[in-house]
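> I'd like to go over a predicted model; first the sequence, then the structure.
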Amino acid sequence: MVLQREPDLVAVSNLQAVVDFQHFLMHRIRCRLSRRQAQSLSIREVIDKWVSPHERPHVQKLFQEACRAWNAVAPLVRNYECRQIELPPMPEHSEEIPVIRWLRSSREDCPSSLQAQILVRWLVQLHNDLLRRAAEAQGENPDSRPACRLSAALAPQFFHHQAGTAEQLARESAQPTLEGGRELAFDWALADATAQESFAAVRQVRAGEGDVDHFEFLGEGPASKQRLKRQEPLSAIASEALLRELGTPRSMEECLQQLLTMEAWLCLADAEEQSLAEYARTVMRIPVAELHAALDAVPISRLRAAIECLENHIASPLEGLAGTYRQALSADQRERLRPLLAATAAAMLQEWRRFLRGYLSDYKEPYPGDTCLCDFWDGDEYAWVAPLRELDLRLACFGPAYEEVSALTGN
């Protein structure tokens with residue numbers, strides 16, 4: 001097999017370089033970056049912020065090796081789940097690329113991190129296929145070979161095959177039949193022993209659902225389904241003071257991102273009542289110079305209300321919604337939405353706003369318009385899903401439905 005499939009062996013030998021750098025990022029910045037932050041933060045900024053000076057030469061070498069490996073494999077990946085794809089190259093000597101391009105994720109509305117997932121899954125599949133073929137060639141049961149998770153695989157358990165190895169093996173295995181003669185006999189025993197040696201320590205990589213880890217972005221994953229405890233509304237006076245203190249749209253947007261990050265942290269671990277500024281300084285270690293003074297007056301118990309205040313003021317939540325999701329409601333649907341209680345509408349709107357900002361902003365179209373809107377929420381967890389299902393609302397009507405429900409809450 002070494003002689004027949006050397007190009008595949010060379011390609012799959014890039015797997016370790018790619019996952020070494022990905023796993024470094026996954027362990028170093030897991031749950032520290034939201035997806036939005038990862039789209040704007042560069043590799044250089046991540047290294048500057050989270051890598052100590054003595055580690056940087058090693059991490060920079062990891063990055064360069066990973067870029068080289070990516071570029072060697074990307075042109076070979078042409079299909080993913082029966083779809084034709086094209087993976088873009090990585091600039092090998094530039095740390096200015098967004099870090100999200102290296103963070104594995106299966107979300108199809110985020111092509112950058114999905115590409116990182118596709119390339120690794122393609123290599124894992126090739127790795128397992130080559131190992132299976134090698135075992136069969138040796139008369140072994142392929143399923144008897146030990147398997148490991150990708151995140152736990154050690155260096156010897158990956159393929160390490162250099163281009164030209166097959167040619168060298170062929171030369172070493174070809175022996176003259178007679179001293180000084182021209183006829184050659186191929187030493188199959190030598191070739192077989194060499195192949196067995198190269199595959200001896202390699203392990204199958206588990207490739208089932210959940211076996212190839214995803215990067216856990218801040219505000220996503222299991223913690224994202226939790227809700228903040230003991231939340232209270234923000235008074236009209238406090239809301240006006242917050243907006244007045246921040247002043248400009250840019251300051252409001254920066255503050256909103258800080259609040260969303262705090263919310264994600266608090267969903268992971270609750271904290272005693274204190275000002276948001278104090279929590280950011282003492283727990284999150286955000287420098288005082290980066291915090292807005294307005295956060296000194298907002299307690300943790302009003303964090304969710306402060307987020308909603310800024311979200312509602314900065315711009316229309318529907319700004320950036322694609323036309324695919326702006327189809328008008330029927331007269332019957334509008335009439336059946338209007339009897340909703342204000343509390344039910346408010347609970348519904350809170351989830352819809354999360355869904356809108358997470359999946360449908362920036363004119364993204366991740367789902368067909370005829371998708372049933374209630375399919376995105378669990379009816380056992382959210383009481384408002386059942387009446388929504390009776391309306392047969394489709395995602396194509398999301399924009400007008402959002403406006404209708406928002407009007408019921410007085411927003």
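That came in fine, so what should we check first?
> buried ones in the strand or helix carrying residue 23?
If you go by DSSP states H and E, residue 23 is part of helix 15-29. By neighbour count on 16 or more other CB atoms under 10 Å, the buried set for helix 15-29 is 15-26, 29. Quick note: C-beta positions are derived from backbone N, CA and C, even for glycine.
> could you redo those residues as JSON lines and give each row distance to residue 341 and pLDDT?
Output for these, formatted as JSON lines (distance: CB to CB, whole Å; pLDDT from 0 to 100):
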{"residue": "15", "distance to residue 341": "55", "pLDDT": "93"}
{"residue": "16", "distance to residue 341": "57", "pLDDT": "92"}
{"residue": "17", "distance to residue 341": "57", "pLDDT": "94"}
{"residue": "18", "distance to residue 341": "52", "pLDDT": "94"}
{"residue": "19", "distance to residue 341": "51", "pLDDT": "92"}
{"residue": "20", "distance to residue 341": "54", "pLDDT": "92"}
{"residue": "21", "distance to residue 341": "52", "pLDDT": "93"}
{"residue": "22", "distance to residue 341": "47", "pLDDT": "91"}
{"residue": "23", "distance to residue 341": "49", "pLDDT": "89"}
{"residue": "24", "distance to residue 341": "50", "pLDDT": "89"}
{"residue": "25", "distance to residue 341": "46", "pLDDT": "89"}
{"residue": "26", "distance to residue 341": "44", "pLDDT": "84"}
{"residue": "29", "distance to residue 341": "42", "pLDDT": "81"}
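> Could you export those residues as TSV, including distance to residue 405?
Formatted as TSV, the buried residues of helix 15-29 follow (distance: CB to CB, whole Å):
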residue	distance to residue 405
15	48
16	51
17	50
18	45
19	44
20	48
21	45
22	41
23	43
24	44
25	39
26	38
29	36
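> Just the closest of those residues to residue 268, please.
Closest approach to residue 268 among those (CB to CB): residue 29, at 14.6 Å.
> which residues touch the closest one?
By CB atoms under 8 Å, 6 or more residues apart in numbering, the contact list for residue 29 reads 46, 50, 99.
> for residue 294, same thing?
241-242, 245-246, 255.
> which SS state does it fall under?
helix (DSSP: H, G, I helix; E, B strand; the rest coil).
> so what's the residue lying closest to it once chain neighbours are set aside up against?
Nearest non-adjacent residue to residue 294, counting by CB to CB, 6 or more residues apart in numbering: residue 245, 3.7 Å away. Residue 245 makes contact with 292-294, 297, according to CB under 8 Å, 6+ apart.
> May I see the residues you listed arranged in CSV, with distance to residue 213 as well?
Formatted as CSV, the contacts of residue 245 follow (distance: CB to CB, whole Å):
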residue, distance to residue 213
292, 35
293, 40
294, 38
297, 41
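> Among those residues, name the buried ones.
Buried among the contacts of residue 245 by 16+ other CB under 10 Å: 292, 294.
> Need the contacts of residue 245 in TSV (columns: pLDDT and distance to residue 266).
Formatted as TSV, those follow (pLDDT from 0 to 100; distance: CB to CB, whole Å):
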residue	pLDDT	distance to residue 266
292	88	18
293	88	21
294	89	18
297	91	18
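> which one among the contacts of residue 245 gets closest to residue 368?
Nearest to residue 368 among the contacts of residue 245, with distances taken as CB to CB, is residue 292, at 40.5 Å.
> Just to check, that closest one is in contact with residue 257?
No. Applying CB atoms under 8 Å, one finds residue 292 not in contact with residue 257, separated by 10.8 Å.
> Checking the residue sitting nearest the centre point of the chain next. Helix, strand or coil?
Central residue of the chain (CA atoms, centre = their mean): residue 105, 3.1 Å from the mean position. Per three-state DSSP, the secondary structure class of residue 105 is coil.
> Residue 127 too?
Criterion first, three-state DSSP; result for residue 127: helix.
> quick one on the thing from earlier: with pLDDT added, can I get the contacts of residue 29 in a markdown table?
Supplementary listing: those in a markdown table, determined by pLDDT from 0 to 100:
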| residue | pLDDT |
| --- | --- |
| 46 | 89 |
| 50 | 83 |
| 99 | 90 |
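> Backbone dihedrals for residue 83, please?
phi -120, psi 140 (degrees, to the nearest 10).
> Pull the number of nearby residues for it.
Per other CB atoms under 10 Å, the neighbour tally for residue 83 reads 8.
> tell me the pLDDT at it?
In this prediction, residue 83 carries a pLDDT score of 74.
> And it, how close does it get to residue 305?
43 Å (CB to CB, to the nearest Å).
> Which residue ranges make up the domains of this structure?
According to automatic domain parsing, the chain comprises the domains 6-205, 236-314, 323-409.
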